[in-house]
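Asker: I would like to see how this sequence folds:
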Amino acid sequence: MLLEVRDLHIAYRDIEAVHGVSFSVEEGELVSIIGANGAGKSSILNTLMGLVPVRSGSILFRGEDISRVPAHGRARMGIRIVPERARVFPQLTVRENLRVGLYGIHDPVKEKERLDWLYGIFPILAERSGQNAVTLSGGEQQQLAIARALVSDPKLLLVDEVSMGLMPKLVDEVFEVLQSLNREQGLTILLVEQNARASLEISKRSYVLETGSIQFEGPSSQMKDDPRIREAYLGL
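Answerer: Next comes the predicted model:
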């Protein structure tokens, strides 16, 4: 098991946002956590990355408890996050943004290989490598955020609300990229999303989070046909 979360509680001062959540992600899987805005999805990802502290419970990465490991330590272990709403560095160029993601890599040959690989996946970033990120469209900034997380060859990619603020066509393109990275590159991905339909389409397994607790879990193909999921999250 690559990632195992056991009885995770997350709180902001006296307000508990996540109540005893447990789930797992196997190596090579694409797993999604779906739920409404405010359900606690982003809190879970930020805690997995070490940006929000654990109140109680444990996070195991490759069998090691990383619950108290700081964010930079988790990054060195191979965990990377694509934050909500892209959050690129607007006044840095595309290439400079990507080089920020090379934290921990000091081999110039490997750096060039990774950048060339990413430019092959995201050709628009190659075309605009010298432009400041602020000049990119929303969809292009989202591609840059994904590429920045990928450049260091992560073992686990955490993706937070990647569809937020994007036009439907761009949402499809971004989800196709994630699906390709998982299927063709074997990248392990944990995706949290309000867009339940798109998430269930590309993921192997899914969890449904409601007000900080997991209410449903199972193979995504079965959850798409579950009448409770269809009514509450797919509008069917």
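
Asker: and the most centrally placed residue in the chain, how close does it get to Val177?
Answerer: Nearest residue to the geometric centre of the chain (Cα atoms, centre = their mean): Val159, 1.3 Å. To Val177, Val159 is 10 Å away according to Cβ to Cβ, to the nearest Å. Every C-beta, even on glycine, is put in place using the N, C-alpha and C of the backbone.

Asker: so what sits against both of these two?
Answerer: Ile146 (Cβ atoms under 8 Å, 6 or more residues apart in numbering).

Asker: pull the CA atoms of stretch 34-46 into PDB?
Answerer: Coordinates of each C-alpha in stretch 34-46 appear next as PDB, following Å, rounded to 0.1, in the frame of the first residue of the first chain:
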ATOM      1  CA  ILE A  34     -15.700  13.500  -4.200                       C
ATOM      2  CA  GLY A  35     -18.000  15.700  -2.200                       C
ATOM      3  CA  ALA A  36     -19.700  19.100  -2.000                       C
ATOM      4  CA  ASN A  37     -17.800  22.300  -1.300                       C
ATOM      5  CA  GLY A  38     -16.900  22.500   2.400                       C
ATOM      6  CA  ALA A  39     -17.000  18.700   2.900                       C
ATOM      7  CA  GLY A  40     -13.400  18.700   4.000                       C
ATOM      8  CA  LYS A  41     -11.700  17.400   0.800                       C
ATOM      9  CA  SER A  42      -9.000  20.100   0.500                       C
ATOM     10  CA  SER A  43      -8.300  19.800   4.200                       C
ATOM     11  CA  ILE A  44      -7.400  16.200   3.700                       C
ATOM     12  CA  LEU A  45      -5.000  16.900   0.900                       C
ATOM     13  CA  ASN A  46      -3.400  19.800   2.700                       C
END
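
Asker: after the longest helix anywhere in the chain, heading C-terminal, what element do we hit next?
Answerer: If you go by DSSP state H, the chain has its longest helix at helix 168-185. As assigned by DSSP states H and E, the chain's next helix or strand after helix 168-185 is strand 188-193.

Asker: how far does the helix or strand containing Arg76 sit from the chain's center?
Answerer: Under the criterion of DSSP H and E, Arg76 resides in helix 71-77. Between the centre of helix 71-77 and the centre of its chain there are 15 Å (Cα atoms, centre = their mean, to the nearest Å).

Asker: what of stretch 207-218?
Answerer: 17 Å.

Asker: what mean pLDDT does it get?
Answerer: Average pLDDT, stretch 207-218: 94.

Asker: again with stretch 142-162
Answerer: 92.

Asker: tell me the SS of Asn37?
Answerer: Applying DSSP: H, G, I helix; E, B strand; the rest coil to Asn37 yields a three-state assignment of coil.

Asker: one more: His19?
Answerer: Quick answer, by three-state DSSP: His19 is strand.
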